[in-house]
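have a look at this prediction, sequence included:
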Amino acid sequence: MLRILVLHGPNLNLLGTREQSIYGTQSLKNIDSALTTLAEHLGLHIDIRQSNSEGDLVNWIQESGSGYHGIIINPAAYTHTSVAIRDAISAVGLPTVEVHLSNIHQREPFRHHSHVAGVALGQISGLGPSGYLLALRGLHDHLAGTKKLKNSPTASRRPKRASR
């Protein structure tokens, strides 16, 4: 069974009450519940964690290198500041999807840059809570495709060299 680690960054524990005009009215508990339901439907095991601490997020990313197949992360404010989170994702080498509830490119200029994007498989931004579900479906499809490719009898064959 494929295992996915879902990480929520700082202040996401305040969803539902924090700046509803930007982040919506759904609580983190509701988002996590929807993710769990979809994961069960897709036959995935997910672990969901939230921290306001950069160090916790880095530790969890490093630990994910053994036992997980992919990561979904909303680094929140650390998106724009944390080289440590970016480097941890790069170091473990797991396919990672970056998620943002709001469109970071339509917000303040300091939010336009993501340190994570350069090492992520993809980024979903501005679609609200459904962005998490899209990330889970996308990561599932990516991992299933990779698994099929690795198990394919032709995957291990070298291409034939052209005759000279």
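Sure thing, it's come through.

which regions of the protein lie under the pLDDT threshold?
20, 106-107, 110-112, 147-164 (pLDDT under 70).

and the longest helix seen in it, what does it pack onto?
Determined from DSSP state H, the single longest helix within the chain is helix 130-151. Where contact means 3 or more C-beta pairs under 8 Å, 6 or more residues apart in numbering; DSSP states H and E, helix 130-151 is packed against strand 3-8, helix 28-42, strand 70-74, strand 96-100, strand 122-125. In short, each C-beta sits where N, CA and C put it, glycine included.

including mean neighbour count and distance to residue 53, could those go into JSON lines?
Shown next, in JSON lines, are the helices and strands packed on helix 130-151 (neighbours: other C-beta atoms under 10 Å; distance: least, C-beta to C-beta, whole Å):
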{"stretch": "strand 3-8", "mean neighbour count": "23", "distance to residue 53": "12"}
{"stretch": "helix 28-42", "mean neighbour count": "16", "distance to residue 53": "16"}
{"stretch": "strand 70-74", "mean neighbour count": "25", "distance to residue 53": "14"}
{"stretch": "strand 96-100", "mean neighbour count": "25", "distance to residue 53": "19"}
{"stretch": "strand 122-125", "mean neighbour count": "18", "distance to residue 53": "23"}
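
can you lay out the ones you listed as CSV showing distance to residue 61?
Listed next are the helices and strands packed on helix 130-151 as CSV, based on distance: least, C-beta to C-beta, whole Å:
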stretch, distance to residue 61
strand 3-8, 7
helix 28-42, 18
strand 70-74, 7
strand 96-100, 9
strand 122-125, 16
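
for residue 14, which of the ones you listed is the nearest?
helix 28-42 (8.1 Å; C-beta to C-beta).

so what touches that closest one?
Outside helix 28-42, the residues within contact range by C-beta atoms under 8 Å, 6 or more residues apart in numbering are 4, 6, 8, 12-13, 15-16, 45-46, 48, 50, 129, 132-133, 136-137, 140.
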